[in-house]
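K.L.:
Next come a sequence and a model predicted from it.
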Amino acid sequence: MKEILSHLKDKKSLWFIIDTLKKNGFQAYIAGGAVRDILLHKKPEDIDILTHASILELRSIFQGQKFKTMGKAFPICMVNGIEISSGRAKFDLKNFPESDLAQRDFTINSMAFDPISKKIIDPFNGKKDLEDAVIRFTKDPEKRIVEDPARMIRACRFAALINGSFSLSSLELILACKDKLEPLVAKERILGEIIKAMRLKRPSLFFKALKKTGLLSKIFPSLDRCHDLEGGPHHGETVFEHCMIVGDALPKNLPVLRLAGFLHDVGKFDAAKKTAGKLTFSGHENETKALTHDLARLRFSVKDITYILSLIKLHMRPLTEKTTPKAVRKLLWALNESGKSGLDYRDFMRMRIADKKGNLSKSPYTISQIRFRLEKLFAQMTEQTAFQMKHLKITGADIIQILGIAPGPDVGKIKQKLFEMVLDDPAKNNYNDLKERCLSLQIKK
């Protein structure tokens, strides 16, 4: 177990807690996800301690340390930033820690490591399931799901993590219990699992696991309905397969962007039409009603919903050799209009590159093609170019004074026309040209 110890040797806070527990007559183990991750040759994000000491006993022996209690379902506390679980089955201390591990969700998460004896406690063959890439509920699958139906989504996330499959009993139970998800699990928890999945190496495995278990229709029905939808004459893959490739191709450190990639073409279901015997999806980027409903129901923030929908609506904007400077400026303006959600030209380009990669009938962009498109954008991204209304070299007060009109909606209409003029010709973004154009405008009453 040298690998496990190598991850622990420099963690002074961890060893302080273990030593303190041992000196006070309590058992202490590294448990759960940390053991799993180390066996997967991954650096664990968090290392948790399992002990049979009660919260009151922990508070007493760690008096003077940073101490915080948390969690409703199971007694947990934080000592100096290290999570300590006080045991989930304290009625059976004779068999501790096995009695606690039996209450955990999956066998791969139901292992513990004794840092003193340097042995792994693995009563449910989690190490074997990890080697075989199998997701199996611990001990009693039905009880594990009844305790927390969100574990069904976690099962899909862990299947994606280990690039694995479900045991037959686990799959059958999820299929039988999938209808328990919506009424019993808070939408915020489902959202949290989705975002965690976006940080995996291949989140497409998460969505495919959701589809296999029948959970995708409960979470993202807008995506689920695209599973068997043909991609049309310009694609060599279904709409669902295309979305999976695009999402995987986006960076995992940008989870909301990545999610937008997995969802960017769900509007094709509503836009689908047969034209001359061919399936077309004209205007699919504007078919966002179903997706908006899904995102709102899952409690995504207004900012994230705006970001995802804006990116989807803009992802079809052309950027080729034939794209005029005016069209590029309008694209940049549209991106800036969505800027409050954090969307910018880099996200647009990331999506375009991934979208091209996801089309199996075409070749991905080359480095030179990407560079060409960026240069087109950069050519219009100068300080003199007005991309937002606030960049106009004329104000609403100026318009009122020039035309001698009262404040009101007409001022806004004039500003919009002036802005469109500057988009056509950035050189005209100066006070004199704007004033001249202002005087020439006739606002219809």
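P.N.:
The structure has been received and is ready for your questions. Just so it is clear, the model here is predicted, and its values are computed rather than measured.
K.L.:
Tell me who's in contact with the residue nearest to S361 when sequence neighbours are not counted.
P.N.:
The shortest distance from S361 to any non-neighbouring residue, by Cβ to Cβ, 6 or more residues apart in numbering, is to G236 (4.0 Å). Using the backbone N, CA and C atoms, a C-beta is placed for each residue, glycine as well. Under the criterion of Cβ atoms under 8 Å, 6 or more residues apart in numbering, the neighbours of G236 are N359, L360, S361.
K.L.:
can you rerun that using 10 Å?
P.N.:
By Cβ atoms under 10 Å, 6 or more residues apart in numbering, the contact list for G236 reads H242, N359, L360, S361, K362.
K.L.:
Now the lengthiest helix in the chain: average pLDDT?
P.N.:
Of all segments of type helix in the chain, defined using DSSP state H, the longest is helix 409-424. Predicted confidence along helix 409-424 averages 86 (mean pLDDT).
K.L.:
next structured bit after the helix or strand of the chain with the lowest mean pLDDT?
P.N.:
Evaluated with mean pLDDT, DSSP states H and E, the helix-and-strand set of the chain has its lowest mean pLDDT in helix 2-8, which scores a mean of 61. Stepping forward along the backbone from helix 2-8, the first helix or strand reached (DSSP states H and E) is helix 12-23.
K.L.:
pLDDT on that following helix, on average?
P.N.:
Computed over helix 12-23, the mean pLDDT rounds to 90.
K.L.:
Among the contacts of G236, which one has the most neighbours?
P.N.:
Neighbours here mean other Cβ atoms under 10 Å. Within the contacts of G236, the largest count is held by H242, at 24 neighbours.
K.L.:
Can you give me the pLDDT of the residue nearest to it when sequence neighbours are not counted?
P.N.:
Distances taken as Cβ to Cβ, 6+ apart put G358 closest to H242, at 4.8 Å, once the chain neighbours are dropped. With respect to pLDDT, G358 scores 95.
K.L.:
What of E321?
P.N.:
Reading off the per-residue confidence, E321 sits at a pLDDT of 90.
K.L.:
Secondary structure element holding it?
P.N.:
Take DSSP H and E as the rule and E321 turns out to sit in neither a helix nor a strand.
K.L.:
start to end distance for stretch 207-222?
P.N.:
Terminal residues of stretch 207-222 are spaced 13 Å apart (Cα to Cα, to the nearest Å).
K.L.:
what's the burial count for H391?
P.N.:
Using other Cβ under 10 Å, H391 is surrounded by 16 other residues.
K.L.:
What distance do you get for it to L439?
P.N.:
In this structure, H391 lies at 21 Å from L439, with Cβ to Cβ, to the nearest Å as the measure.
K.L.:
So G87 sits against L50, correct?
P.N.:
Yes. Using Cβ atoms under 10 Å as the test, G87 is close enough to L50 to be in contact (7.0 Å).
K.L.:
any shared contact partners between the two?
P.N.:
With contacts defined as Cβ under 10 Å, 6+ apart, the residues shared by G87 and L50 are Q27, F96, P97, D100.
K.L.:
List the contacts of the second one.
P.N.:
So the one you mean is F96. Q27, Y29, L50, T51, H52, G87, A89, K90, A112, I121.
K.L.:
Just flag the most distant two among those.
P.N.:
Maximum pairwise distance among the contacts of F96 (Cβ to Cβ): 17.1 Å, between K90 and I121.
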